[in-house]
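A.B. asks: Fold the stuff below for me.
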Amino acid sequence: MVKRILSEGQLDVNSRDRRARTPVMAAACAGHGGVVNLLINKGSNVSLVDDHDRQGNNILHYTCAGGHVEMVQYVLSLNKVDINSRGHHRWTSVMVAARLGNREMFDLLISKGCDVSNGYGCTNILHAACIGGHLEIVKYVISLDLVDINSRKGFGKTPLMVSALRGDKDVFDFVLSKGGNMSMVTKRGMNILHLVCQKGNLDMVKFILSKDLLEINVRTNEGVTATLIAKRKKNIELYDFLVSNGGQ
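C.D. replies: Alright, predicted model coming up:
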């Protein structure tokens with residue numbers, strides 16, 4: 001069908017969909033190697049990104065997002081995109097692999113020279129793994145000892161904070177056991193408890209307080225406690241729980 005459409009000569013092989021993806025990006029993401037080859041032979045530009053107004057995802061980012069390791073190998077073999085190019089949110093392809101929990105792809109990208117240092121806003125592979133919530137890749141990334149376990153991403157969030165905001169208790173416990181610091185705060189002086197109260201996750205608030213490592217009435221830079229955050233959010237259940245446990 002792709003051959004038929006191309007043979008009619010009515011459409012640009014590098015045309016964009018509403019997400020500004022080209023056909024070859026879509027085919028690579030889906031793992032359709034034959035279609036990718038055909039489109040490249042017909043003039044597809046594999047160096048394009050999906051957003052010209054700001055740094056956008058390229059074919060490598062889309063291929064990694066699709067999770068097809070053989071397709072990633074093929075795209076890299078083309079030598080048309082920088083393996084360390086940054087897409088949306090300034091993420092690299094190895095960050096995408098970490099978020100997906102795809103160990104095989106992650107190892108491939110590192111073996112090919114993918115940079116694992118901090119990215120824009122200090123987001124790194126450990127943050128990405130915690131955002132994805134896949135415990136095994138979190139364990140693997142930490143075992144490699146490539147990034148600081150208490151490193152900060154945008155606005156000062158640590159991997160432990162990221163896992164708490166996800167409500168991911170298994171990842172949270174593992175990061176904590178490996179040296180995650182519960183006392184660290186963001187640029188606004190918000191600790192893990194403040195952040196989770198802002199998110200409104202009562203179950204995670206209970207879990208964090210059960211660790212008995214944080215004082216419930218610590219204040220942010222603005223002088224706000226976790227209890228006041230719950231009150232402002234009109235989260236009555238969370239507010240009542242915090243008050244019943246000494247929150248002010």
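A.B. asks: Just say helix, strand or coil for Glu237.
C.D. replies: Here Glu237 is helix, with the state taken from DSSP: H, G, I helix; E, B strand; the rest coil.
A.B. asks: Which helix or strand contains Ser208?
C.D. replies: No, residue 208 isn't Ser; it's Ile. If you go by DSSP states H and E, Ile208 is part of helix 202-210.
A.B. asks: Now do that helix: everything it contacts.
C.D. replies: The contact list for helix 202-210 (Cβ atoms under 8 Å, 6 or more residues apart in numbering) reads 164, 167, 169, 172, 182, 192-193, 196-197, 214, 216, 226, 235, 237-238, 241-242, 245. C-beta coordinates here come from the backbone N, C-alpha and C atoms, glycine included.
A.B. asks: which among the residues you listed end up buried?
C.D. replies: 164, 167, 172, 182, 192-193, 196-197, 214, 216, 226, 235, 238, 241-242 (16 or more other Cβ atoms under 10 Å).
A.B. asks: from the contacts of helix 202-210, which ones fall inside helices?
C.D. replies: The helices, defined by DSSP state H, take in Ala164, Lys169, Phe172, Ile192, Leu193, Val196, Cys197, Ala226, Glu237, Leu238, Phe241, Leu242 from the contacts of helix 202-210.
A.B. asks: Tell me if I'm right that the fourth one and Met161 touch.
C.D. replies: Yes. In this structure, Ile192 sits in contact with Met161. The criterion is Cβ atoms under 8 Å, and the distance is 5.5 Å.
A.B. asks: sorry, back to before: spatially, which two of the ones in helices among the contacts of helix 202-210 are the most separated?
C.D. replies: Phe172 and Glu237 (21.2 Å; Cβ to Cβ).
A.B. asks: helix or strand right after the helix or strand of the chain with the lowest mean pLDDT?
C.D. replies: Ranked by mean pLDDT, DSSP states H and E, the weakest helix or strand in the chain is helix 2-7, scoring a mean of 92. Next helix or strand after helix 2-7 toward the C-terminus (DSSP H and E): helix 23-30.
A.B. asks: where in this protein is pLDDT low?
C.D. replies: 52-55, 118-122 (pLDDT under 70).
A.B. asks: Would you quantify the distance from the residue nearest to the spatial centre of it to His89?
C.D. replies: For the chain, the residue nearest the mean C-alpha position is Ala128 (3.7 Å; Cα atoms, centre = their mean). For Ala128, the distance to His89 equals 10 Å [Cβ to Cβ, to the nearest Å].
A.B. asks: Outline the domain layout of this structure.
C.D. replies: Domain assignment for the chain by automatic domain parsing gives 1-89, 186-248.
A.B. asks: Now Arg232. Nearest residue, chain neighbours left out?
C.D. replies: In space, and not counting its chain neighbours, Arg232 is closest to Val224: 7.9 Å by Cβ to Cβ, 6 or more residues apart in numbering.
A.B. asks: ok now do Gly247, which residues does it touch?
C.D. replies: By Cβ under 8 Å, 6+ apart, the neighbours of Gly247 are Ile216, Asn217, Thr225, Ala226, Thr227, Ala230, Tyr239.
A.B. asks: now those as TSV including distance to Gly56?
C.D. replies: Shown next, in TSV, are those (distance: Cβ to Cβ, whole Å):
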residue	distance to Gly56
Ile216	43
Asn217	45
Thr225	41
Ala226	38
Thr227	42
Ala230	38
Tyr239	42
